[in-house]
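Peer 1: dropping a prediction and its sequence here:
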Amino acid sequence: MFELEKALSQTRVTSPGPDGITYNMLRHLDANSLLHLLRLFNRIWSEQSFPAQWYEAVVVPILKPGKIPTNPLNNRPIALTSCLCKTFERMVNARLLYELEKRDCISPFQGGFRRGRSPIDNLVLLESQIRNTFVRKNHLVSLFFDIEKAYDRTWRYGILRALFDFDIKGNLPVFIQNFLTTRIFRVRIGSTFSHPFIQHEGVPQGSVLSVTLFILHLSQMLHVLPSSVSGTLYVDDLQISCQGSNMNLIERQLQRAVNKLLAWCDQNGHTISPEKSRCVHFCRKRSLHPDPVIQIRDTNIPVVEEVRFLGVTFDRKLTFLPHVLNLRKRCEKSLNILNVLSTTTWGADRPSLLRIYQSVILSRIDYGCEVYGSARSSVLRHLDTVHHSALRICSGAFRTSPVHSLYQIFLSHRHQYNTYIPIFTDGSKTTTRVGCGVVIADVPSSFQLNALCSVLTAELTAIFLVLERISDLLEHKFCIYSDSKSALEALSHPQNETHPLALDILCLLQSLQARDFQILFCWLPGHVGIQGNELADAAAKTATTSWQQPLPYADIKKFISNHVHNLWQISWDRQVSNKLHSIKPRITLWPALPVRELDVRMTRLRIGHTRFTHKYLLFGERVPRSSHGQHKYPPRVGHLWRPSRQVGTFRSPVYPISWYLSHMAVCSRIKRRGPPWLSVRSGHPQGTTPSV
């Protein structure tokens, strides 16, 4: 019953399907009717059946903005399916998503329709890769693909096979199989219906379960990419990139990745459009470089100076000027709405205009600001004029009004909660001490905690102390401000592994609410000049009064782990003669290569024990001599890359001299950096495999 009630609470007011049942009807059912509905769902689930009417959908064509209505392809199909079926789908989808996330069935680089994911994750990842490339003075070539009709061409058998490969069995895959088969739709224009059509392939439009099955199937294509090529997906928006200093090597790696993607698409019924795909070469080098030539079935992918990806325009220099100018142009058009509604005689009031501004204009500016916010201040100032104009329109102020005056007028948050008493909390942790600070009515107080406590424990302790203190006050309306997102998230989404202090806070909060206390929590950015937050931070850093509390298990575990890691690091620092210590002085985890053979060779090269260097010990041979026969010395891995006549006799059986001379630059680079992308077998000629 809990799953059914939760599924109904997540529904919105939408048009009904062919059966005419709406969500409002289902939400207004009494407890007895809901119980009968739940029994129906359980019977469908256990008997592995599917109602025939749930297979049918009504498609309503909606013309795309700015398109010619006479062309049927310019219409967007909106499928209306049974609300009763979609309610059951929500219940099944919740179970399916839980299993998929628990078993890591969906690629971590697929960000669409997943809890806690958004397009910003993909955008920030791409922007970080480009920034790192600029810092290293390298090239980054990124490809943006257009998958034609990916939703309608999804291979149904591929979805079922993926579920089987992930060992998902029982009634769940049977229900999904019944859900995908024999889909029928009719087109409705006005009150006229077409004849029924059978949808032979693809996932059903307008269904809740379809999007999860779609991303499960499409995310498999990321697994075919080579290790040197990174890729991200947001639903069906595919982007891959490769960086390096050699453009020829980048082209070969990307072409290899494209060929693998095409092979996967051929096996799964998808098509990548070369005309709609784009290629961008991100580079800030002054020297000229030819455009990369990458093909899709003998058709070159167009190379452009800028590309729009997930709503943000990336230019090759990463200035974000094209994005800001385009954003300003679109926002200026939306200002006309405010101009019409803000007539001084009969116009809307200020709160209504502000809500319109926030939903129509400010939402556009805020989207992607985590990415394009790194642009120069001179570029971002193009958006200030739009923001200031909107504030002047909403307030009715003259165009000559100072900007700072506008900001003082629109203290919307303080105005909305002016009856609440503000309280600021903060936690601080250094190498020697941990403290928490509280500011109530501009009066700071602080407590010193155990040095083993984490910052999260300090932040939660401050909130707990605040709740204990306000329980004795006469006022009943408070707003607690904290700069710790992790602390507020622990309170808003309690789980089994939630911090024990967070559970105590929730219990105390519940008792205060039972006494008619109104307590709000608000996050604010730290160290930006907010007076109350700065006072709480200073109090936390100078805390002297001790407050005893039991240490959470997580803090003790983290302390022990850090202590053991430090002891390990001290022991490792003494291994100055170790070859691996010279290239890995800090204890960190290196990623493993996807191919076992390459991973083994890389491990041996890093450690310095290879067939070339230690073969004489394994087979009881004599210590190798130099080319002059004067000295005995054990060979080292560095001799593979160092041009030396004395070790030429040892290198020649391992690497042909022609291969070594032609790859001198690569060898010197490996000697300097020892990169994790080393692929020994990709560099030598065909038929000559080095022995490592």
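Peer 2: Sure thing, it's come through. Numbers count the residues shown, from 1 in each chain.
Peer 1: which parts of the stretch 301-450 of the chain are strands?
Peer 2: Here the stretch 301-450 of the chain has its strands, by DSSP state E, counting those that start in this stretch, at 306-309, 312-315, 421-429, 434-440, 443-449.
Peer 1: closest to Y372 out of those strands?
Peer 2: Evaluated with C-beta to C-beta, the strands of the stretch 301-450 of the chain place strand 312-315 nearest to Y372, the distance being 6.3 Å. In short, each C-beta sits where N, CA and C put it, glycine included.
Peer 1: what lines up beside the closest one in the sheet?
Peer 2: strand 306-309 (antiparallel) (DSSP bridges).
Peer 1: what about the partner strand, average pLDDT?
Peer 2: What strand 306-309 shows for mean pLDDT is 94.
Peer 1: just give me the residue right at the centre of the protein.
Peer 2: D121 (3.1 Å; C-alpha atoms, centre = their mean).
Peer 1: which one of the strands of the stretch 301-450 of the chain lies closest to N300?
Peer 2: Closest among the strands of the stretch 301-450 of the chain, using C-beta to C-beta: strand 306-309, at 15.7 Å.
Peer 1: can you give me the buried ones in that closest one?
Peer 2: 306-307, 309 (16 or more other C-beta atoms under 10 Å).
Peer 1: do stretch 277-292 as well
Peer 2: Neighbour-count burial for stretch 277-292, with 16+ other C-beta under 10 Å as criterion, is recorded at 277-283, 292.
Peer 1: again with stretch 546-564
Peer 2: 552, 555, 559.
Peer 1: can you lay out those residues as a markdown table showing distance to W155, pLDDT and secondary structure?
Peer 2: Conversion of those to a markdown table gives the following (distance: C-beta to C-beta, whole Å; pLDDT from 0 to 100; DSSP: H, G, I helix; E, B strand; the rest coil):
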| residue | distance to W155 | pLDDT | secondary structure |
| --- | --- | --- | --- |
| P552 | 48 | 75 | coil |
| D555 | 49 | 76 | helix |
| F559 | 51 | 80 | helix |
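Peer 1: dump those into JSON lines; add distance to T212 as well.
Peer 2: Converted to JSON lines, these look like this (distance: C-beta to C-beta, whole Å):
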{"residue": "P552", "distance to T212": "36"}
{"residue": "D555", "distance to T212": "37"}
{"residue": "F559", "distance to T212": "40"}
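Peer 1: if we can go back for a sec, and the buried residues of stretch 277-292, which two are the farthest apart?
Peer 2: Farthest pair in the buried residues of stretch 277-292, by C-beta to C-beta: S277 and C283, 19.8 Å.
Peer 1: related to what we said a few turns ago, closest to P591 among the buried residues of stretch 277-292?
Peer 2: Closest to P591, out of all of the buried residues of stretch 277-292 and judged by C-beta to C-beta, is F282, at 23.3 Å.
Peer 1: show me the contacts for that closest one.
Peer 2: 130, 133-134, 139-142, 314, 316-318 (C-beta atoms under 8 Å, 6 or more residues apart in numbering).
Peer 1: buried subset of these as a ChimeraX selection?
Peer 2: Paste this into ChimeraX to select the buried members of the contacts of F282, with burial taken from 16+ other C-beta under 10 Å:
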select :130,133,134,139,140,141,142,314,316,318
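Peer 1: could I get the contacts of F282 as JSON lines with distance to R12?
Peer 2: Converted to JSON lines, these look like this (distance: C-beta to C-beta, whole Å):
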{"residue": "I130", "distance to R12": "38"}
{"residue": "T133", "distance to R12": "43"}
{"residue": "F134", "distance to R12": "44"}
{"residue": "H139", "distance to R12": "46"}
{"residue": "L140", "distance to R12": "41"}
{"residue": "V141", "distance to R12": "42"}
{"residue": "S142", "distance to R12": "36"}
{"residue": "F314", "distance to R12": "33"}
{"residue": "R316", "distance to R12": "41"}
{"residue": "K317", "distance to R12": "42"}
{"residue": "L318", "distance to R12": "38"}
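Peer 1: from the contacts of F282, which ones fall inside helices?
Peer 2: 130, 133-134 (DSSP state H).
Peer 1: for the nearest residue to D167 once chain neighbours are set aside, what are phi and psi?
Peer 2: With C-beta to C-beta, 6 or more residues apart in numbering as the criterion, D167 has its nearest non-adjacent residue at 7.8 Å, and that residue is R103. With angles defined as degrees, to the nearest 10, R103 sits at phi -100, psi 10.
Peer 1: touching, R103 and F166? I think so.
Peer 2: Yes - with contacts counted by C-beta atoms under 8 Å, R103 reaches F166, the gap being 5.8 Å.
Peer 1: hmm, back to that, pLDDT score for the residue nearest to D167?
Peer 2: 88.
Peer 1: do K477 as well
Peer 2: pLDDT, K477: 89.
Peer 1: also S627?
Peer 2: 51.
Peer 1: quick check: the nearest residue to L325 once chain neighbours are set aside vs R328, distance?
Peer 2: The spatially closest residue to L325, leaving aside those adjacent along the chain, is H382, at 6.5 Å (C-beta to C-beta, 6+ apart). From H382 over to R328 the distance is 5 Å, taken as C-beta to C-beta, to the nearest Å.
Peer 1: ranges for the strands of the stretch 501-650 of the chain?
Peer 2: Under DSSP E, counting those that start in this stretch, the stretch 501-650 of the chain gives strands at 518-523.
Peer 1: R103 and F166: which has the busier surroundings?
Peer 2: More crowded of R103 and F166, by other C-beta atoms under 10 Å: F166, with 16 against 11.
Peer 1: do you know how far that one is from I189?
Peer 2: 42 Å.
Peer 1: likewise S471?
Peer 2: Distance of S471 to I189, given as C-beta to C-beta: 64 Å.
Peer 1: next one: H281
Peer 2: 47 Å.
Peer 1: just the buried residues of strand 306-309 now: which is nearest F88?
Peer 2: After measuring the buried residues of strand 306-309 against F88 - C-beta to C-beta - the closest member comes out as F309, at 35.9 Å.
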